[in-house]
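[1] Quick one, fold the following:
(2 chains)
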Amino acid sequence: DVKVTQSSRYLVKRTGEKVFLECVQDMDHENMFWYRQDPGLGLRLIYFSYDVKMKEKGDIPEGYSVSREKKERFSLILESASTNQTSMYLCASSFSGGVYEQFFGPGTRLTVL
Amino acid sequence: ELKVEQNPLFLSMQEGKNYTIYCNYSTTSDRLYWYRQDPGKSLESLFVLLSNGAVKQEGRLMASLDTKARLSTLHITAAVHDLSATYFCAVDISGGSNYKLTFGKGTLLTVNP
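    You can find the predicted model right below:
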């Protein structure tokens, strides 16, 4: 079974803090994704990566950065957390081989106070 | 820009009844994915539909794809309470190197006794 894990299920941070969310997958997937999910807004793509050290902006990259130094690990960084970044963050991964089914991690519920 | 529309967005149904969720998309694609999300949890892959006329069934759920109409349906037969969840469809652009999925906004299904 594909396994995607995220470093924390719940996280509480203060405004202005630097926040790291980590995602690890164990299926040798090339592609990895970070989404945020808010009520009424559905899933919104923040960043994705199709290879080590490669990244592309999604629909809402402002206020976020990412890092992919190893194939299995994709990190989302909030340089200076703000209250409007309080959300559920979902990581996903997929193969590049023609069927792009994404497998999701359990999610991190981040609260910024 | 690929748009994916689901309807209805909210569905309240009685146990034992049948209903269909619709997923329309705006651009040619022959790959469509259905996901389920339980409250407070992450997304779980339900079905992957890879060609025109594809039909997949699991338990009381059956998904189908009509690429000419750009339409997928998720049919629920004799609903039970355990099916209460949010259901998302997602589409990728066939043949592209863009690995992203575009998600619908989700259908919140509530099955009442």
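
[2] Sheet-wise, list the partners of the lengthiest strand in chain A with their directions.
    Looking across chain A with DSSP state E, the single longest strand is strand A:42-51. In the sheet, strand A:42-51 lines up against strand A:31-38 (antiparallel), strand A:54-57 (antiparallel) (DSSP bridges).

[3] Which of those comes out lowest on mean pLDDT?
    Of all the strands paired with strand A:42-51, the segment with the smallest mean pLDDT is strand A:54-57, scoring a mean of 92.

[4] Could I get the buried residue list for it?
    Of the residues in strand A:54-57, those buried under the neighbour-count criterion (16 or more other C-beta atoms under 10 Å in any protein chain shown) are A:Lys55. For every residue, glycine as well, the C-beta is placed using N, CA and C.

[5] Quick one: neighbours of A:Val12, just the number.
    Residues near A:Val12, counting by other C-beta atoms under 10 Å in any protein chain shown, number 11.

[6] Check B:Lys3 too.
    A count of neighbours around B:Lys3, defined by other C-beta under 10 Å, yields 11.

[7] Now do the contacts for it.
    For B:Lys3, the residues meeting the contact criterion (C-beta atoms under 8 Å, 6 or more residues apart in numbering or on different chains) are B:Tyr25, B:Ser26, B:Thr27, B:Thr102.

[8] Let me have the residues you listed in TSV, adding distance to chain A as columns.
    Shown next, in TSV, are these (distance: C-beta to the nearest C-beta, whole Å):
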residue	distance to chain A
B:Tyr25	14
B:Ser26	16
B:Thr27	15
B:Thr102	9
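
[9] So among those residues, where is pLDDT lowest?
    With pLDDT as the yardstick, B:Thr27 is the minimum among the contacts of B:Lys3, at 87.

[10] Model confidence at B:Thr28, what's the number?
    In this model, B:Thr28 is scored at 84, pLDDT.

[11] where do the strands sit along the chain?
    Because you didn't say which chain, this covers chain A. Counting by DSSP E, residue ranges of the strands within chain A are A:4-6, A:10-13, A:19-25, A:31-38, A:42-51, A:54-57, A:64-70, A:73-78, A:87-94, A:103-104, A:108-112.

[12] nope, chain B please
    In chain B, the strands defined using DSSP E lie at B:4-7, B:10-14, B:19-25, B:32-37, B:43-49, B:55-58, B:61-66, B:71-76, B:85-91, B:102-103, B:107-112.

[13] Comparing those strands, which comes out most buried?
    The densest packing among the strands of chain B, expressed as mean neighbour count by mean count of other C-beta atoms under 10 Å in any protein chain shown, is seen in strand B:85-91 with a mean of 25.
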